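Chemist: quick check, what structure comes out for this input:
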Amino acid sequence: MNQGGGGDGGGGGGEGAGETKKLRNQFNYSERASQTFNHPLRERPTITEPPPSVGFNGQVNQWEIFDSYVEEVEKQRLTKEKSGQQSTKKAAASGHAHDKEEEEEGLKEVQKEADIVHSTAMSKSLKIMERMVNQNTWDEIAQDYRYWDDQSDSFKEGEGTLLPLWKFWTEKVRRKHVTALCWNPEYHDLFAVGYGSYDFMKQGPGVICCFSLKNPSHPEYSFTTETGVMCLDFHPQHSSLLAVGCYDGTVMIFDIRNKLNKPIFQSTVKSGKHTDPVWQVCWQEEDLAKNLNFFSISSDGRVTLWTMSKNELQYTDVMELKLAGIASSGAEDASGEETSLVGLAGGSCFDFHATSEHLFIVGTEEGRIHKCSKAYNSQYLDSYSGHYMSVYAVRWNKFHPRVFLSASADWTVKLWDHNSKTSLMSFDLGNAVGDISWAPYSSSVFAAVTNDGKVHVFDLAENKHEPMCDQKVVRKSKLTHVAFNPKQPLLLVGDDRGGVLCLKLSPNLRKTEETRAADKAAAAAATGGDQPRKPPPKKRGAEAGADGGAKEEAKVKTPAELEVDKLDKILGLQDKQQR
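Modeler: Now for the predicted structure:
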């Protein structure tokens, strides 16, 4: 038992000795901490001279970045092509020159397409920006053009005024005369101006400028001719075609969409050009073959029809203007001999009837006016004598089919009925009359310009004897031409110093028969008090039977018919028709 217990006790003593044995630290880890003083910081400043510096700045925009990018791409492409050419140079020695030319042409086309600055899109954007800048520059004029009306017209009956707006001028036309004015039929802010010289001892090259009211500072298009421009006219349907007559007798056609300073058609000596200055050109309706054609009149006595063929202008002499004494003689053979000896009457102007296409009137340098027809080229239908000097302009009324105006260097403007050989009215303006023009909105309003720089605006419905407006608009210049805007109340006048002035008509100068009727109704309603009662409605049977003719009489007339009736009343033409 003691041995067993001793063994147990020995075992227990061994366990107790193992518990009290210290284990070693295998990682030899110890943690120590200490605290020391921080040394104080010291500042040691030094002063030195700064290095020299240069200020540099630059600006770059998107198209410059794009241009440099395109150039870099082009260089890379050229280097690749050169490396390929060197490898195949020996194999393709014969056709190398031709291939090189084609490559150069291709490069030029690519460069042209990639040149953003000179592209059409850039030019269009710059044009819009230029118009915006000009609109801001002439903001007061633009506001007057859009909104201003002379309120004093309501207190002045029978009087009106002209408000000067923009003046169009360019350095190219210094010391040139304005010889023609024409509004574009499609774009009513665009007009063409022809520049030449009426002083025939001082002739030079001519200029054609197309201005827009949106950009008074610079013409939209400009062309030059070898001799002075005497007349021009836009085609009524194809508004980009411009017919031009020159001092040397040449007629030409420009397409203003082309940027080339070259006409698309031009008459030559072989194609029958005039031998004297062309004073007027006028487009006509297309013929049966759909060919475009226009007429011209010249001092050589010919009224010529020009037809645009595929390659050239073809001419047909519609009328040869014989002198008044020769034309009235009976014998045709004698008249032919006298014509060959004396010559033809010099034509100075003409105008074609709006509804009767065959009918036209011609003004001559001897002061006579002749009514002619396209169908009869051997004699005049009628002749009118009333002017004593050269007739500068003849104009059919835009509403009345029988009435036309004439202006002459003898200081007078005459109003005619083409069925009567004597003038209905005559107006002495005190100076040589350069041009006349009917208003597009009224049958009784017309304007004339004189050599003393005055614009005379007449309204026969208000005053048959005196102009409603007699205003001097230029200093030390002669007014040569006048033109009404087809839609806006604007008037263009040109002078002999190359200037074109845009004028705005006051409300009294642009009254129509409709506005007069509305004003009378408003005045009657304001002063008449109680309005009369409406009659009771009629029975259906009475309406269907007895009042059948009254319905026809009660038809509402169009504004054009009202204008014709107004001019008939003014001139007394209705009484003549009844007689």
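Chemist: element containing the residue nearest to residue 217 when sequence neighbours are not counted, please.
Modeler: With Cβ to Cβ, 6 or more residues apart in numbering as the criterion, residue 217 has its nearest non-adjacent residue at 5.6 Å, and that residue is residue 134. Yep, even glycine has a C-beta here, placed from its N, CA and C like the rest. Using DSSP states H and E, residue 134 falls within helix 120-137.
Chemist: now do that helix: distance to the chain's middle.
Modeler: 16 Å (Cα atoms, centre = their mean, to the nearest Å).
Chemist: buried ones in that helix?
Modeler: 131, 134 (16 or more other Cβ atoms under 10 Å).
Chemist: after it, which helix or strand is next?
Modeler: Once helix 120-137 ends, the next helix or strand along the chain (criterion: DSSP H and E) is helix 139-147.
Chemist: direction included, what does whichever helix or strand comes after that following helix pair up with?
Modeler: Counting by DSSP H and E, the next helix or strand C-terminal to helix 139-147 is strand 162-168. Strand 162-168 pairs in its sheet with strand 500-505 (antiparallel), by DSSP bridges.
Chemist: could I get the average pLDDT for the following helix or strand past the partner strand?
Modeler: The C-terminal neighbour of strand 500-505 among helices and strands, as given by DSSP H and E, is helix 513-527. The average pLDDT for helix 513-527 rounds to 76.
Chemist: and stretch 229-240, by the same measure?
Modeler: In the prediction, stretch 229-240 has an average pLDDT of 90.
Chemist: list of residues touching that stretch?
Modeler: 179-180, 182-187, 192, 194-196, 206-208, 241-247, 255-257, 277-283, 292, 294 (Cβ atoms under 8 Å, 6 or more residues apart in numbering).
Chemist: could you redo the last one with a cut-off of 6 Å?
Modeler: For stretch 229-240, the external contacting residues (Cβ atoms under 6 Å, 6 or more residues apart in numbering) are 179-180, 182, 184-186, 192, 194-196, 206, 208, 241-245, 247, 255-257, 277-283.
Chemist: select only the buried ones of the residues you listed in ChimeraX?
Modeler: This is the ChimeraX syntax for the buried subset of those, where burial follows 16+ other Cβ under 10 Å:
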select :179,180,182,184,192,194,195,196,206,208,241,242,243,244,245,247,256,277,278,279,280,281,283
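Chemist: and residue 80, what element?
Modeler: helix 62-87.
Chemist: between that helix and helix 120-137, how many degrees?
Modeler: 160 degrees (axes from the mean of the first three to the mean of the last three Cα atoms, to 10 degrees).
Chemist: so for residue 353, what's the nearest residue that isn't a sequence neighbour?
Modeler: Nearest one to residue 353, counting by Cβ to Cβ, 6+ apart, is residue 359 at 4.1 Å.
Chemist: now the one you found: how far from residue 248?
Modeler: Distance, residue 359 to residue 248, by Cβ to Cβ, to the nearest Å: 30 Å.
Chemist: circling back: list the buried ones in the helix holding residue 80?
Modeler: Under 16+ other Cβ under 10 Å, the buried positions of helix 62-87 are residue 70.
Chemist: flag the shaky bits of this structure, pLDDT-wise.
Modeler: 1-31, 87-115, 287-289, 324-343, 528-555, 574-579 (pLDDT under 70).
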